[in-house]
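Enquirer: A structural model of the following input is requested.
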Amino acid sequence: MLKLGVNIDHVATIREARYRGRGFGEPDPVAAALLCEAAGAHGITAHLREDRRHIQDRDVWALREKIQTRLNLEMANAPEIVDIALKLKPDIVCIVPERRLEVTTEGGLDVVAAEKSLTETRKKMNDAGIEVSLFIAPDEQQIAASARIGSQFIELHTGAFAEEFSKAESGKRKAETELQRLISAAQQAHALGLKVNAGHGLNYENLRSLFRVPHLVELNIGHSLVSRAVFAGLENAVREMLALMREYRENSATS
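Expert: Numbers count the residues shown, from 1 in each chain. Below is the predicted model of the structure:
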């Protein structure tokens, strides 16, 4: 069964727009996480950024205490955040690139360039009982490097596919090209013993096309669910996404 990890960062973004730096406020991302669990989500994802633009330290500690499903902490490979993760002990960390001026994560992690430091962090996390995922573009070299450092998962960056899919008819051919890259990447990762997650830009319109990608374990989706929740409520938004995801069949891509 394809699993859904709900990213609650955008709930915190709404709160911080009004209450930044005040230590309280609404909407509460932890309450949102509990609603997502009640609706059937398999896990909760939160990105504790170095600049704390949305999720705050108090949020991740409350999540660790209150949620019953899998806690996925997205994080940069930065000493301060690594130390927090080792104390927090989420079920899994997803290491992502992080730039202060970006609106959202703009690209995949350069595992090749940071192989040594990522290997050290991977060992620390695994020694603490925490699984490790690397957020990467569907690139052959990055996948090979991810396997070399010993990560348990990769998360394929689906942003380029989603961007092309959203365009007019002129973008459909490019979307197909990006989809083929994702299919090849998932096949390569699986052959190397890596588990495969995916996320970024996924929504109710492009999800079915992604089902051609084989070996997917979990999708991490945030913005689309929060956007839908404005009109339908968060629990309904999660249930609608889960209903779509039930159509996924393992190894659905043609060889």
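Enquirer: only C-alpha atoms for contact and neighbour calcs from this point on.
Expert: Will do.
Enquirer: quick one, what contacts Gln185?
Expert: One correction, residue 185 is Ala, not Gln. Counting by Cα atoms under 8 Å, 6 or more residues apart in numbering, Ala185 makes contact with 138-140, 143.
Enquirer: show the average pLDDT along the helix or strand it falls within.
Expert: Assessed by DSSP states H and E, Ala185 sits inside helix 172-191. Per-residue pLDDT values over helix 172-191 give a mean of 95.
Enquirer: partner strands of the helix or strand following it, with direction?
Expert: Using DSSP H and E, the helix or strand that follows helix 172-191 in sequence is strand 195-199. In the sheet, strand 195-199 lines up against strand 153-157 (parallel), strand 216-221 (parallel) (DSSP bridges).
Enquirer: quick one: contacts of strand 195-199?
Expert: Residues outside strand 195-199 that contact it (Cα under 8 Å, 6+ apart) are 152-159, 186, 189-190, 215-221.
Enquirer: could you rerun that using 10 Å?
Expert: Residues outside strand 195-199 that contact it (Cα atoms under 10 Å, 6 or more residues apart in numbering) are 2-5, 7, 133-136, 151-159, 162, 182, 185-187, 189-190, 210, 213-222.
Enquirer: hey, where'd the strands end up in the stretch 51-200 of the chain?
Expert: Secondary structure of the stretch 51-200 of the chain by DSSP state E, counting those that start in this stretch: the strands cover 70-75, 92-95, 131-136, 153-157, 195-199.
Enquirer: just put these in TSV and tack on mean pLDDT.
Expert: Below are the strands of the stretch 51-200 of the chain laid out as TSV (pLDDT from 0 to 100):
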stretch	mean pLDDT
strand 70-75	98
strand 92-95	98
strand 131-136	98
strand 153-157	98
strand 195-199	98
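Enquirer: kindly reformat those as JSON lines containing distance to Gly108 and mean neighbour count.
Expert: What follows is the strands of the stretch 51-200 of the chain, written out as JSON lines (distance: least, Cα to Cα, whole Å; neighbours: other Cα atoms under 10 Å):
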{"stretch": "strand 70-75", "distance to Gly108": "13", "mean neighbour count": "23"}
{"stretch": "strand 92-95", "distance to Gly108": "10", "mean neighbour count": "24"}
{"stretch": "strand 131-136", "distance to Gly108": "4", "mean neighbour count": "25"}
{"stretch": "strand 153-157", "distance to Gly108": "6", "mean neighbour count": "26"}
{"stretch": "strand 195-199", "distance to Gly108": "11", "mean neighbour count": "22"}
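Enquirer: which stretch among those strands comes nearest Cys36?
Expert: Nearest to Cys36 among the strands of the stretch 51-200 of the chain is strand 70-75 (12.0 Å), distances taken as Cα to Cα.
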